[in-house]
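> Here is a sequence with its predicted model. Questions after.
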Amino acid sequence: MSLSGRAAVVGIGATEFSKESGRSELRLAVEACLAAIRDAGLAPSDVDGLVTYTADTSSEIAVQRELGIPGLRFFSRVDYGGGAACGTVAHAAMAVATGQADAVVCYRAFNERSGHRFGQAARSGRADSTGLEFSWHLPYGFATPAAWVAMHARRYMHEYGATGEDFGRVAVAMRRHAATNPKAWFHGRPITLADHQASRWIVDPLRLLDCCQESDGGVALVVTSVERARDLPHPPAVVTAAAQGTGPDQMMMFGFYSGDLASLPAMGRVGAALWRQSGLTPADIRTAILYDHFTPFVLMQLEELGFCGRGEATDFVRDGGIELGGRLPVNPHGGQLGEAYIHGMNGIAEAVRQIRGTAVNQVDGVGHVLVTAGTGVPTSGLVLSALR
Amino acid sequence: MTTTQEAAAEPSVHDRLTEAARRLAAAGERPGQPCPDPVNAAMIRNWTQALGDTGDWSRFAPPAMIQVWSMPGLVSERGGSAADEVLRMLDDHGYTGVVATNCEQTYDRYVRVGEHLRPAMRFGGLTGPKRTAMGEGYFVTWYQTWYGEDGRRVAEMLFRVLKFRPRGRRRAQNAPVMRPVTSPDTAFFWEGAKAGELRIQRCADCGMLRHPPGPMCPSCHSLERDHVVASGRGRVHSYVVHHHPPVPGRTPPFVVAVVELEEGVRVVGNVLRCDPGEVTVGMPVRVVFENVDDELTLPQWIPADAPDDEPPCDPGEPALLEIPLTPTFVIATALATRDFNPVHHDTALARAQGTKDIFLNILTTMGLVQRAALAAAPGATLGGIAVRLGVPAYAGDTLRLYAERVDATTLKVRGAVSLGDHVTATVKLKEGV
């Protein structure tokens, strides 16, 4: 039994994306959930499953209470930061496909800019296994996601001769896309490669413009069966493949101790599963949503997913390769570098819009969209497709 | 575009500094403030008593006293140096921090009691901007020269300071280093660090080395483990230079590296005692141990060819001179060298200026290096003392001086306090007075 083609995303909802929402994270969560449920043509009483990130501060039962959902049959959480994004849909699809739930809402909402900021120095005093992982790094001031990613980026530069400008081309592409997306924080504000090169160091080799923004906001998705989706108002985004993955010797975000730092083995595993489940190849993908918390990992994802060979992503992104009109437009909404950082959930919503044909920067002839979640951590991915 | 303006403005500050330095250098030597007194027995006695020098200085003044003769004393009008104009320009452009780095005295001959000395000064040079551990800065060098009544030079002194741009955002710097949590599976590593060992877990059954450690061997699933002590040698496998945001316990920019040990496992740590710009992938490094406090020691990394900060002799071996830096010692020596800067005698004022306590002045450091040199080479005549200044020697600490003969005319003298090396000096010896 395969998960492929059993479930679909039928509703999407979001709050505005801002730097200070002025309201609670629970309120953002339920605003996004209600919008997604209504977009799906359903009522809260139709919902019997909820899935969110382990990192989310609003529990499934709190969201259930606010929405007045009579009761849940299925609830689960997915761990490891932004690596959870596509995993929430994977869990929801599995629940729907196995009859554990009929309609599952996946949500992520936070005040990541005005509240707890992930980019600041981590301070884990937890005496659990994760706290032990942090303990090999925090005493050295090695305490931010930018620094952890920069360690891989340096090795990638060393192995393949990549430069800061190669990273910069990713940022330029994302900001170009965001510039024409009215919902994007950086709407109307494109950048040049010179702007990128002039931006200050955060953790050398990463500059400010290599790092995604910080945002307040919430996004929710409704997942139900493909059969039921046929009766709902919007064209469904069918879950053709869904996978989670870790690499060998996996840690939270500290994959420095074995293997090749210039690679993302967890994403390689997810990619292989997505191609296997879907029966597709990279040539079948017209547009991809690649998790862009930091520019170097977009390059490495292109390689792990087979869009190009090892060390070839620098050539792939040259001459607008990942921009609208390029060989593989990546993140037409502007990604987390340009639209908003909602932990990858806003990217899944964009994939649904591309399938529906309603995206603001719509790519022509989209049949399948590949979506990835946070990298450097245990991760996940999806292939969403138009109903045939 | 502010960045463009800044880029255009930076060379002009640098150009103006360079121009002023060129002009001062071209101006050559000029007279200094006249010495208030001739070389005299009373000041020599104050000096030898304060510094604990028991040598016979009845005919000649101790050579390291040379600068004392031209110190202005407790007066509002300071003598000033040949570099004042450049130092002021640096202040005006944000290079407000100052730390003395070098003091090199050359003695043509010892001066006699009763002599009148005539001081002169000249500008030496300006180099920079340089990235330093303190921040971006310029090194400024100037000279003082002393002439005898016959018009011939008796001594010269080079003095060099680093004028630096103090780093902003000191907020996190003062916060303590973040502490590791430990478990029964990891405690051996941290205990090892305290004992000065870099311990790597080894499977007691299949022998696989593993870092970070864990309870079960992922290869043979044995629960039996011990450890090996790593050689401490490795290479930088990858590294980053952290600039932002502030993190507790570290002052940016600092380097974090993944080090691949010669034993084959990788360890994360900081690369210390090295300009961040000099770190490369593949660079050989070796372990040192950063003693954070009584509870925590961190294995850290330095370039493989970096000198050891450890004493050249066994720490158990007694120092040549061991000087308890009582407040009386710090104050008495400052005044005996006619140095009335309050950071050497007024604790409250010293603390208000951001230092931990009152600290030893440089004229005294020079005198103590002389003491150590003559203790190591009794009866020798000194031709010069060149010192590199390190960490401050605060009241309450102990200064331990070590001397090592390099060759017939050269001694190395090192003075260490609890914070590290306070002074490293090269002393030149010659025959006859």
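Everything's here; your move. Residues are numbered from 1 along each chain as shown, chains lettered A, B, ... in the order given.
> drop to CA atoms for contacts and neighbour counts, all remaining ones
Fine.
> Tell me which residues touch the residue nearest to residue B:147 when sequence neighbours are not counted, please.
With Cα to Cα, 6 or more residues apart in numbering or on different chains as the criterion, residue B:147 has its nearest non-adjacent residue at 4.2 Å, and that residue is residue B:153. Residues near residue B:153 by Cα atoms under 8 Å, 6 or more residues apart in numbering or on different chains: B:108, B:145-147.
> ok, 10 Å please
B:107-109, B:117-119, B:145-147 (Cα atoms under 10 Å, 6 or more residues apart in numbering or on different chains).
> In strands, which of those appear?
B:107, B:118-119, B:145-147 (DSSP state E).
> can those residues go into TSV with extra columns for neighbour count?
Below are the ones in strands among the contacts of residue B:153 laid out as TSV (neighbours: other Cα atoms under 10 Å in any protein chain shown):
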residue	neighbour count
B:107	21
B:118	22
B:119	22
B:145	24
B:146	26
B:147	17
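> What is the most widely separated pair among those residues?
For those, the farthest-apart pair by Cα to Cα is B:107 and B:118; their separation is 14.8 Å.
> which helices and strands sit right next to the helix or strand where residue B:371 lies?
Per DSSP states H and E, residue B:371 falls inside helix B:362-376. Helices and strands touching helix B:362-376, by 3 or more Cα pairs under 10 Å, 6 or more residues apart in numbering or on different chains; DSSP states H and E, are helix B:41-51, strand B:97-107, strand B:321-324, helix B:327-336, strand B:381-389, strand B:398-407, strand B:410-417, strand B:420-430.
> one step back: with respect to residue A:166, which of the ones in strands among the contacts of residue B:153 is nearest?
residue B:145 (56.2 Å).
> Report the contact partners of the residue of the stretch 251-388 of chain A found nearest chain B.
Nearest residue of the stretch 251-388 of chain A to chain B (Cα to the nearest Cα) works out as residue A:257 at 5.3 Å. Residue A:257 is in contact with A:249-251, B:210-212, B:258-260, B:265-268, counting by Cα under 10 Å, 6+ apart.
> And for residue A:168?
A:191-197, A:206-207, A:209-210, A:295-296, A:317.
> Test of understanding: give the bridge partners of the residue of the stretch 251-400 of chain B found nearest chain A.
Going by Cα to the nearest Cα, chain A is nearest to residue B:266 of the stretch 251-400 of chain B, at 5.3 Å. On the basis of DSSP bridges, residue B:266 takes part in beta bridges with residue B:260.
> Please apply the same query to the one 4 residues further on.
Per DSSP bridges, the residues bridged to residue B:270 are residue B:256.
> How about the residue in the stretch 201-350 of chain B positioned nearest to chain A: what's its closest non-neighbour residue?
Proximity of the stretch 201-350 of chain B to chain A (Cα to the nearest Cα) peaks at residue B:242, 4.4 Å away. Among residues not flanking residue B:242 along the chain, residue A:203 sits closest, at 4.4 Å (Cα to Cα, 6+ apart).
> Secondary structure element holding that neighbour?
Under the assignment here (DSSP H and E), residue A:203 is part of strand A:201-204.
> What is the subsequent helix or strand relative to that strand?
strand A:206-207.
> That next one and chain B, are they touching?
Yes - contact of strand A:206-207 with chain B is found when judged by Cα under 10 Å from any Cα of the partner chain, involving A:206-207.
> what is the mean pLDDT for that strand?
The average pLDDT for strand A:206-207 rounds to 98.
> Quick one, which of the contacts of residue A:168 are buried?
A:191, A:193, A:196-197, A:206-207, A:209-210, A:295-296, A:317 (16 or more other Cα atoms under 10 Å in any protein chain shown).
> Reformat the residues you listed into a markdown table and put secondary structure next to each item.
Supplementary listing: those in a markdown table, determined by DSSP: H, G, I helix; E, B strand; the rest coil:
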| residue | secondary structure |
| --- | --- |
| A:191 | coil |
| A:193 | helix |
| A:196 | helix |
| A:197 | helix |
| A:206 | strand |
| A:207 | strand |
| A:209 | helix |
| A:210 | helix |
| A:295 | helix |
| A:296 | helix |
| A:317 | coil |
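> Please tabulate the residues you listed in CSV, including the columns distance to residue B:63.
As requested, the buried ones among the contacts of residue A:168 are exported to CSV (distance: Cα to Cα, whole Å):
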residue, distance to residue B:63
A:191, 64
A:193, 61
A:196, 58
A:197, 55
A:206, 54
A:207, 54
A:209, 59
A:210, 59
A:295, 62
A:296, 61
A:317, 69
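> Give me the pLDDT for the spatially most central residue of chain A.
The centre of chain A sits closest to residue A:344, judged by Cα atoms, centre = their mean, with a distance of 2.6 Å. Residue A:344 carries a pLDDT value of 98.
> ok, residue A:99 - contacts?
A:93, A:225.
> I'd say the residue nearest to residue B:242 and residue B:276 touch.
No - Residue A:203 is beyond contact range of residue B:276, at 11.8 Å (criterion: Cα atoms under 10 Å).
> Which neighbours do these two have in common?
B:240-242, B:252-256.
> Which residue in the residues you listed has the weakest pLDDT?
residue B:252 (88).
> number of nearby residues for the nearest residue to it once chain neighbours are set aside?
Spatially, and ignoring its direct neighbours in sequence, residue B:252 is nearest to residue B:243 (5.1 Å; Cα to Cα, 6+ apart). Residue B:243 has 20 neighbours, counted by other Cα atoms under 10 Å in any protein chain shown.
> and residue B:28, how many neighbours?
The tally of other residues near residue B:28 (other Cα under 10 Å) stands at 12.
> Okay, helices next: where are they in the stretch 151-300 of chain A?
A:164-179, A:193-198, A:226-229, A:265-278, A:295-304 (DSSP state H, counting those that start in this stretch).
> so where do the strands sit in the stretch 51-200 of chain A?
Assigned by DSSP state E, counting those that start in this stretch, the strands in the stretch 51-200 of chain A fall at A:74-78, A:103-111.
> quick one, the shortest one and strand A:103-111 angle?
When you say that, I think you mean strand A:74-78. Interaxial angle of strand A:74-78 relative to strand A:103-111 (axes from the mean of the first three to the mean of the last three Cα atoms, to 10 degrees): 40 degrees.
> Which elements pack onto strand A:74-78?
Looks like strand A:74-78 contacts strand A:49-53, helix A:60-67, helix A:85-97, strand A:103-111 (3+ Cα pairs under 10 Å, 6+ apart).
> Can I get the helix or strand bottoming out on mean pLDDT in chain A in CSV? Just the C-alpha atoms.
Taking mean pLDDT, DSSP states H and E as the measure, chain A has helix A:129-135 as its least confident helix or strand, at a mean of 94. Taking C-alpha atoms only, helix A:129-135 is exported to CSV below (Å, rounded to 0.1, in the frame of the first residue of the first chain):
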residue,chain,number,x,y,z
SER,A,129,19.5,14.1,24.7
THR,A,130,19.0,17.3,22.8
GLY,A,131,20.5,19.3,25.6
LEU,A,132,23.6,17.0,25.5
GLU,A,133,23.9,17.7,21.7
PHE,A,134,23.8,21.5,22.4
SER,A,135,26.5,21.0,25.1
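> Tell me where the model's unsure across the stretch 301-433 of chain B.
Counting by pLDDT under 70, the stretch 301-433 of chain B shows low-confidence ranges at B:308-317, B:431-433.
> circling back: out of the contacts of residue B:153, flag the one nearest to residue B:202.
residue B:107 (59.4 Å).
> Excluding residues flanking it in the chain, which one is nearest that closest one?
The nearest residue in space to residue B:107 (Cα to Cα, 6+ apart) is residue B:155, at 4.6 Å.
> just residue B:47 next, same as before
Leaving aside its sequence neighbours, residue B:47 sits nearest to residue B:336 (Cα to Cα, 6+ apart; 5.0 Å).
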